[in-house]
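**Student:** structure, please.
(2 chains)
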Protein chains: 2
Amino acid sequence: MTAIPRIVEVRQNILRRNDEAARALRERFREAGVFVVSLVSSPGSGKTAFLERALALLLKEGYRPAALVGDLATENDAVRLARSGAPAKQITTGTVCHLEAAMVAGAIEGWNLADLDFLFIENVGNLVCPASFDVGENLRVVLLSVTEGEDKPLKYPTIFNSADAAVVTKIDLAEAVEFDWGAAESSIAAVRPALPVLRVSSKTGAGMSGLIEFLKSCRAQSCPACPARAD
Amino acid sequence: MTAIPRIVEVRQNILRRNDEAARALRERFREAGVFVVSLVSSPGSGKTAFLERALALLLKEGYRPAALVGDLATENDAVRLARSGAPAKQITTGTVCHLEAAMVAGAIEGWNLADLDFLFIENVGNLVCPASFDVGENLRVVLLSVTEGEDKPLKYPTIFNSADAAVVTKIDLAEAVEFDWGAAESSIAAVRPALPVLRVSSKTGAGMSGLIEFLKSCRAQSCPACPARAD
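**Tutor:** You can find the predicted model right below:
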């Protein structure tokens, strides 16, 4: 009755090809010395606002960051991010619910990767499908806003399990929504024990400098707990 | 390079089979006299909290509602909803990012549909994939919380375009997040002109009685603007 077995069969082929493309990408990133951070979350968790802050802080410290932003439609986010002065490009996916490695490879054509220290890849807002698609990142960060509820890691375990760090966003609203930090941390620990969890507010800037330090230490691989991926 | 053409080909077969199953379901619902409302939104937009309120209000007025709730994992939502006294059943989809008509058909096995006035189907939290899958509903409601931002309809046009009504949730937080009602309504109108837009807070109950009146009028087909679907 259901179409699931057929989906699984085709998905396996698609994922295998994607994994090959992602490995090739990761090798290019490694050779160029660019540290690649992907951001995954629900729509509206604050990925772009977070990136605006992160790009500005990294530029101020003399780093050379860039951003790719996935969305089904509109160039809005790339326009927003380009205001920081960092290179930013939109990947519009049409009806495709996630980014694939080949889309990232297409988007960076013409960019000299050796000119970059950090490349951020903001995935399509979706807590399901992006979990399965490697886009060649070194570090996958899952964002969870306090307004979404503490149970999301339990309901979307695969994406939390595939992430290397979690960032709780919009912490300025935590009190207004009666966010239960203990419940949220228990949910995360249940699906991914020992996942680093950071807390930020892109509105007030709270937590952002600590987050930048975390990214820098991952890039420098100087952090003993650094979860950065390597092939 | 990209796997998209292959996905499109397989998707077309899957969608055709799903459409057939959905039409059969809708006919069963019509014969039984149950009005079926599906809810789609991002994770954390407040579908379950909204349903808790709606089930309680409908029960209080003597209606017989029931709910099916889709999630990748956990039975949490069905447990929450069953506390209302209405029948509620979880559909756990594993890694599948949306509900399909066949899953709904499986979940209602053993239920006497003639005992119901309303059946709510809460889809997996996802603004992309559920857009393409008819689950036999009469009315598809897309929820958008004020904390997600006003631009979501522009970024996820397909799901707003496939909806019969939009509900803006968490309006008690609108001021705290500086929600721009004009921008939100323009975004919705840009992708789906004349879509009915309702505003609620499941926390305070604001707007809920109007929303129940809307659902009742759609069910009774007494509302001239009623967008309810029929085959």
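**Student:** dig out what the most centrally placed residue in chain A forms beta bridges with.
**Tutor:** Closest to where the C-alpha atoms of chain A average out (Cα atoms, centre = their mean) is A:L39, at 1.1 Å. With DSSP bridges as the criterion, A:L39 is bridged to A:E122, A:V141.
**Student:** correct me if wrong: A:K47 contacts A:V124.
**Tutor:** No - between A:K47 and A:V124 there is no contact under Cβ atoms under 8 Å: 9.9 Å. (Each C-beta comes from the backbone N, C-alpha and C, glycine too.)
**Student:** which residues touch the residue nearest to the centre of chain A?
**Tutor:** Contact analysis of A:L39 by Cβ atoms under 8 Å, 6 or more residues apart in numbering or on different chains lists A:47, A:50-51, A:120-123, A:141, A:143.
**Student:** ok, now A:V141?
**Tutor:** By Cβ under 8 Å, 6+ apart, A:V141 lies in contact with A:37-40, A:163-167.
**Student:** ok, those residues vs A:R83, which is closest?
**Tutor:** Distance to A:R83, by Cβ to Cβ, is smallest for A:L39 among those, at 18.1 Å.
**Student:** any idea which element the residue lying closest to A:F35 once chain neighbours are set aside lies in?
**Tutor:** Once flanking residues are discounted, A:F35 sits nearest to A:R219: 3.9 Å by Cβ to Cβ, 6 or more residues apart in numbering or on different chains. According to DSSP states H and E, A:R219 maps onto helix A:208-220.
**Student:** what mean pLDDT does that helix have?
**Tutor:** For helix A:208-220, mean pLDDT is 94.
**Student:** show me what it is packed against.
**Tutor:** Judged by 3 or more Cβ pairs under 8 Å, 6 or more residues apart in numbering or on different chains; DSSP states H and E, the packing partners of helix A:208-220 are strand A:35-40, helix A:47-60, strand A:197-199.
**Student:** distance to B:E20 and mean pLDDT for the ones you listed - can I get that in JSON lines?
**Tutor:** Formatted as JSON lines, these follow (distance: least, Cβ to Cβ, whole Å; pLDDT from 0 to 100):
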{"stretch": "strand A:35-40", "distance to B:E20": "34", "mean pLDDT": "97"}
{"stretch": "helix A:47-60", "distance to B:E20": "38", "mean pLDDT": "97"}
{"stretch": "strand A:197-199", "distance to B:E20": "45", "mean pLDDT": "96"}
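**Student:** now, of the ones you listed, which is deepest in the fold?
**Tutor:** Comparing those by mean neighbour count (mean count of other Cβ atoms under 10 Å in any protein chain shown), strand A:35-40 ranks first with a mean of 27.
**Student:** still on that earlier bit, can you redo the contacts of A:L39 as a markdown table with distance to A:R199?
**Tutor:** A markdown table is the format used below for the contacts of A:L39 (distance: Cβ to Cβ, whole Å):
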| residue | distance to A:R199 |
| --- | --- |
| A:K47 | 16 |
| A:F50 | 12 |
| A:L51 | 17 |
| A:F120 | 19 |
| A:I121 | 22 |
| A:E122 | 20 |
| A:N123 | 21 |
| A:V141 | 13 |
| A:L143 | 11 |
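**Student:** burial measure for the nearest residue to A:F118 once chain neighbours are set aside, as a count.
**Tutor:** Spatially, and ignoring its direct neighbours in sequence, A:F118 is nearest to A:P65 (4.1 Å; Cβ to Cβ, 6+ apart). If you count neighbours by other Cβ atoms under 10 Å in any protein chain shown, A:P65 ends up with 27.
**Student:** need the pLDDT of A:P65.
**Tutor:** In this model, A:P65 is scored at 98, pLDDT.
**Student:** does it touch A:F120 like I think?
**Tutor:** Yes - taking contacts as Cβ under 8 Å, A:P65 lies within contact range of A:F120: 6.7 Å.
**Student:** residues contacting the nearest residue to A:F50 once chain neighbours are set aside?
**Tutor:** In this structure, A:F50 finds its nearest non-sequential neighbour in A:S202, 5.0 Å apart by Cβ to Cβ, 6+ apart. Counting by Cβ under 8 Å, 6+ apart, A:S202 touches A:46, A:49-50, A:52-53, A:169-170, A:208.
**Student:** cutoff 7 Å now
**Tutor:** A:46, A:49-50, A:53, A:169 (Cβ atoms under 7 Å, 6 or more residues apart in numbering or on different chains).
**Student:** just the pLDDT at it, thanks.
**Tutor:** Per-residue pLDDT puts A:S202 at 97.
**Student:** let's verify it: helix, strand, or coil?
**Tutor:** Recorded secondary structure, A:S202: coil (DSSP: H, G, I helix; E, B strand; the rest coil).
**Student:** please report how far the residue lying closest to A:T48 once chain neighbours are set aside lies from B:V40.
**Tutor:** Leaving aside its sequence neighbours, A:T48 sits nearest to A:D77 (Cβ to Cβ, 6+ apart; 4.7 Å). Distance of A:D77 to B:V40, computed by Cβ to Cβ, to the nearest Å: 22 Å.
**Student:** which elements pack onto the helix-or-strand element of chain A with minimal mean pLDDT?
**Tutor:** Of all regular secondary-structure elements in chain A, judged by mean pLDDT, DSSP states H and E, the least confident is helix A:4-32 with a mean of 85. When contacts are defined as 3 or more Cβ pairs under 7 Å, 6 or more residues apart in numbering or on different chains; DSSP states H and E, helix A:4-32 sits against helix A:101-107, helix B:4-32.
**Student:** list the buried residues for that helix?
**Tutor:** A:4, A:7, A:10-11, A:14-15, A:17-18, A:21-22, A:25-26, A:29, A:32 (16 or more other Cβ atoms under 10 Å in any protein chain shown).
**Student:** could the residues you listed go into a markdown table alongside distance to A:F133?
**Tutor:** Output for these, formatted as a markdown table (distance: Cβ to Cβ, whole Å):
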| residue | distance to A:F133 |
| --- | --- |
| A:I4 | 19 |
| A:I7 | 15 |
| A:V10 | 14 |
| A:R11 | 10 |
| A:I14 | 9 |
| A:L15 | 7 |
| A:R17 | 11 |
| A:N18 | 6 |
| A:A21 | 10 |
| A:A22 | 8 |
| A:L25 | 12 |
| A:R26 | 13 |
| A:F29 | 16 |
| A:A32 | 22 |
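**Student:** so what would you say the end-to-end distance of stretch A:156-167 is?
**Tutor:** Stretch A:156-167 has an end-to-end distance of 15 Å (Cα to Cα, to the nearest Å).
**Student:** A:T92 and A:N76 touch, don't they?
**Tutor:** No - applying Cβ atoms under 7 Å as the test, A:T92 and A:N76 come out as separate, 10.5 Å apart.
**Student:** got the CA coordinates for stretch A:108-118 in CSV?
**Tutor:** Output of stretch A:108-118 as CSV, limited to C-alpha atoms (Å, rounded to 0.1, in the frame of the first residue of the first chain):
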residue,chain,number,x,y,z
ILE,A,108,31.0,27.7,-5.1
GLU,A,109,32.1,27.7,-8.7
GLY,A,110,34.1,30.7,-9.4
TRP,A,111,35.0,31.2,-5.7
ASN,A,112,38.6,30.9,-4.7
LEU,A,113,38.3,28.8,-1.6
ALA,A,114,41.8,29.6,-0.5
ASP,A,115,40.6,33.1,0.2
LEU,A,116,38.3,31.8,2.9
ASP,A,117,38.7,30.8,6.5
PHE,A,118,35.1,29.8,7.3
